[in-house]
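> Just need the structure, nothing else, for what follows:
(one chain, ligands or ions: 1)
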Amino acid sequence: MFLFSNIQQYHIDLIAQRTSCTIAVEHYLDAISKNNELNAFVEVYATEALQRARELDEKRINHNIKGKLHGVVIALKDVICYKDHKVTAASKILNSFTSLYNASAVQYLIDEEAIIIGTCNCDEFAMGSSNENSVYGIVKNPIDQTKVPGGSSGGSAVAVSAGMCMVSLGSDTGGSVRQPADFCGIVGFKPTYGRISRYGLIAYASSFDQIGIFGNNIADVCDVLNVISRTDEYDSTMIQHDNEIKFQEKQEKKFRIGYMKDVMEHPMLDQEIKTAIFKRLDSLKEEGHEITPINFDLIDYVVPAYYVLTAAEATSNLSRFDGIRFGHQSTSPVSNLNDFYIKNRSEGFGKEVKRRIMLGNFVLSSGYYDAYYSKAQQVRKMLVDKTEAIFATCDLLILPVSPTTAFNLNEKAKDPIAMYLADIFTVFANLAGIPAIAVPLFKHTNGLPFGLQILAAKENDEILLQFSNQIFTQ
Ligand code: GLN
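Here you go, the predicted structure:
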């Protein structure tokens, strides 16, 4: 019987020979097959993962663990390149496409002796909040299978939540790590923009995209972060940082914590979530933290600004998928090159991706550019300025992750606007490029989990993780 609590304990058990990497991998392969109906995995590398586990077990001679992530069983969202393995962004247009190289994050995992067990289902090209836009079909929430797991990294969240791997990677452009983590009751972390190399991450909206980490606890997230956030010459947008996150188990620092009044009073916010967060803010005050309400009257502009800008970037990023050198090629007769592009792309992309490509072209087209794209850029600039002002007086900001707990499958699938609006509390961190985390703390009377979203100033990932650990382990 294999039991996983955290990476550190797993390493202690490996050294004491109470378990082995092979036992761990066998356990997770079994869990993956038992949870097949959740549809969390696209590919499972059973033979390969077992082989690697055996090699690592043999290598651990003299009870030595060399790699920082020795034997850690990890799953990847199907937008992260793993050399010689399929990567499809859950899209027909990349049907059977094989990665030619490793994403830098993946290379760092391998260098530190992690075991990649498979790739996870997600919304097509990471566009969605429910994991209902995938060519591989919907993913189900393991806590209640009538609910969505969240998206777009739904499969990666479910893989950790249902115990099918130790940690997993997702991508977060507007909440795709934090929101599914919240819906599935686990930790989901999006670092400062530029902390993790985006080399080998299939682009959705490049000035927003970040690889994020799912885990059962903050310590595991930190361990993975320290490995995959190494600097990388292949991503020129990376911030220069050579500091490893220092993780002290029992810290009792006092912080200046802000909360946004306009967010907490927002009509979309579930009453029970609101009450739980206010109660938690009260207890933090009693523990000696300074709690300050903040005005944030820009809240209703964040979703429109986010969707205008990300659609514009997506339009450009997805123009490379034309079926000429790689990807889906139509077999129906075509009369000219343009017709060929049209057929390949019309057949290859799903409905939501097409909607965004059209929206992006619209907001970038002459005549509308200033009214939409430039305006949204101005809103982004105002948000960045506001963020700086907030963090001049606060160390941390607390808000809900999502207005509700996990919603019903099919509830919003036919209403894209309702789906977009539900991203109201997560997109801000990506517009501002700041680190953000979802920490699971509460249970709703409907039986579903929810937690707190905590934000910090740019590059203050360490403070964010230390505080998160403080409240998580209390
Ligand atoms: N739900 C948001 C969207 O559809 C966020 C997606 C993401 O973070 N990848 O754009």
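
> For the most far-flung residue of the chain relative to its centre, grab phi and psi.
Most distant residue from the mean C-alpha position of the chain: S335, 41.8 Å away (Cα atoms, centre = their mean). Backbone torsions of S335, given as degrees, to the nearest 10, read phi -100, psi -20.

> Likewise for M127?
phi -100, psi 100.

> Next up, the contacts around the closest residue to L455 other than its chain neighbours.
The shortest distance from L455 to any non-neighbouring residue, by Cβ to Cβ, 6 or more residues apart in numbering, is to L397 (4.3 Å). Every C-beta, even on glycine, is put in place using the N, C-alpha and C of the backbone. The neighbours of L397, taking Cβ atoms under 8 Å, 6 or more residues apart in numbering as the test, are I257, G258, Y259, M260, I294, I390, F391, I454, L455, A456.

> The spatially most central residue of the chain: what's its closest spatial neighbour, skipping adjacent residues?
Nearest residue to the geometric centre of the chain (Cα atoms, centre = their mean): V177, 2.4 Å. Nearest non-adjacent residue to V177, counting by Cβ to Cβ, 6+ apart: G212, 3.2 Å away.

> In this protein, mark out all the strands, start to finish.
41-44, 73-77, 115-120, 167-172, 187-190, 210-215, 256-260, 290-294, 396-399, 436-443, 449-456 (DSSP state E).

> mind giving me CSV with the ones you listed and columns for distance to G155 and mean pLDDT?
Formatted as CSV, the strands of the chain follow (distance: least, Cβ to Cβ, whole Å; pLDDT from 0 to 100):
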stretch, distance to G155, mean pLDDT
strand 41-44, 7, 98
strand 73-77, 7, 98
strand 115-120, 3, 98
strand 167-172, 8, 98
strand 187-190, 13, 98
strand 210-215, 10, 98
strand 256-260, 31, 97
strand 290-294, 35, 97
strand 396-399, 26, 98
strand 436-443, 17, 98
strand 449-456, 18, 98
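
> Could you check how far the residue farthest from the centre of the chain is from T119?
Distance, S335 to T119, by Cβ to Cβ, to the nearest Å: 37 Å.

> F189 now?
Per Cβ to Cβ, F189 is found 20 Å from T119.

> Give me the neighbour count for the closest residue to the ligand within the stretch 301-450 of the chain.
Residue nearest to the ligand within the stretch 301-450 of the chain (Cβ to the nearest ligand atom): D423, separated by 4.8 Å. D423 is flanked by 22 other residues according to other Cβ atoms under 10 Å.

> looking at it, it is touching P304, isn't it?
No: shown here, D423 and P304 do not form a contact pair, counting by Cβ atoms under 8 Å, at 11.0 Å.

> what does the chain put close to the ligand?
Within the chain, the positions near the ligand by Cβ under 6 Å from any ligand atom are 126-129, 152, 171-176, 204, 310, 423.

> Distance-wise, check T387 relative to C222.
In terms of Cβ to Cβ, T387 sits 24 Å off from C222.

> Correction: the previous question concerned D78.
25 Å.

> between the two, who's got more neighbours?
D78 (31 against 24).

> Quick check on the more buried one: phi, psi?
phi -70, psi 40.

> which ones are touching the residue of the stretch 301-450 of the chain closest to the ligand?
S129, G174, G175, Q179, V303, Y306.

> per-residue confidence at the last one?
In other words, Y306. As predicted, Y306 sits at a pLDDT of 98.

> now the residue lying closest to M166 once chain neighbours are set aside: how far from the ligand?
Nearest non-adjacent residue to M166, counting by Cβ to Cβ, 6+ apart: V73, 4.9 Å away. V73 sits 24 Å away from the ligand, taking Cβ to the nearest ligand atom, to the nearest Å as the criterion.

> May I ask you to confirm that V73 is in contact with I115?
Yes: assessed by Cβ under 8 Å, V73 is found in contact with I115 at 5.1 Å.

> Now the common contact residues for those two.
With Cβ under 8 Å, 6+ apart as the test, V73 and I115 both reach A24, V25, A49.

> Where helices are concerned, which of these count?
A24, V25, A49 (DSSP state H).

> any idea which of those is closest to I277?
A24 (36.4 Å; Cβ to Cβ).

> I'd like to know how many residues surround that closest one.
Other residues close to A24 by other Cβ under 10 Å number 26.

> Go ahead and confirm it touches G71.
Yes: counting by Cβ under 8 Å, A24 touches G71, with 6.3 Å between them.

> shared neighbours of the two, anything?
Y10, A53, I115.

> How far does stretch 90-110 sit from its chain's centre?
16 Å (Cα atoms, centre = their mean, to the nearest Å).

> Give the buried residues for it.
Of the residues in stretch 90-110, those with enough neighbours to count as buried (16 or more other Cβ atoms under 10 Å) are 90-91, 93-94, 97, 99, 102-110.

> Ok, stretch 233-253 next?
For stretch 233-253, by 16+ other Cβ under 10 Å, it's M238, H241, I245, F247.

> can you put the residues you listed in a markdown table and add distance to S156?
A markdown table is the format used below for these (distance: Cβ to Cβ, whole Å):
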| residue | distance to S156 |
| --- | --- |
| M238 | 22 |
| H241 | 24 |
| I245 | 21 |
| F247 | 22 |
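
> Of these, just say which sits nearest to S20.
The closest of these, once distances to S20 are taken by Cβ to Cβ, is F247, at 25.9 Å.

> Surely that closest one and N217 touch.
No: between F247 and N217 there is no contact under Cβ under 8 Å: 10.8 Å.

> quick one: low-confidence ranges for this structure?
Within the chain, the ranges that satisfy pLDDT under 70 run 248-250, 474.

> repeat that with 90
1, 61-66, 96, 240-253, 473-474 (pLDDT under 90).

> distance between the ends of stretch 177-189?
Start-to-end span of stretch 177-189 (Cα to Cα, to the nearest Å) is 7 Å.

> now stretch 26-45
12 Å.

> do you know how far N469 is from the ligand?
Distance from N469 to the ligand, by Cβ to the nearest ligand atom: 24 Å.

> same check, this time on D262
Counting by Cβ to the nearest ligand atom - D262 and the ligand are separated by 21 Å.

> thinking that residue is in contact with I299, fair?
Yes: between D262 and I299 there is a contact at 4.8 Å, judged by Cβ under 8 Å.

> Many thanks, we can stop here.
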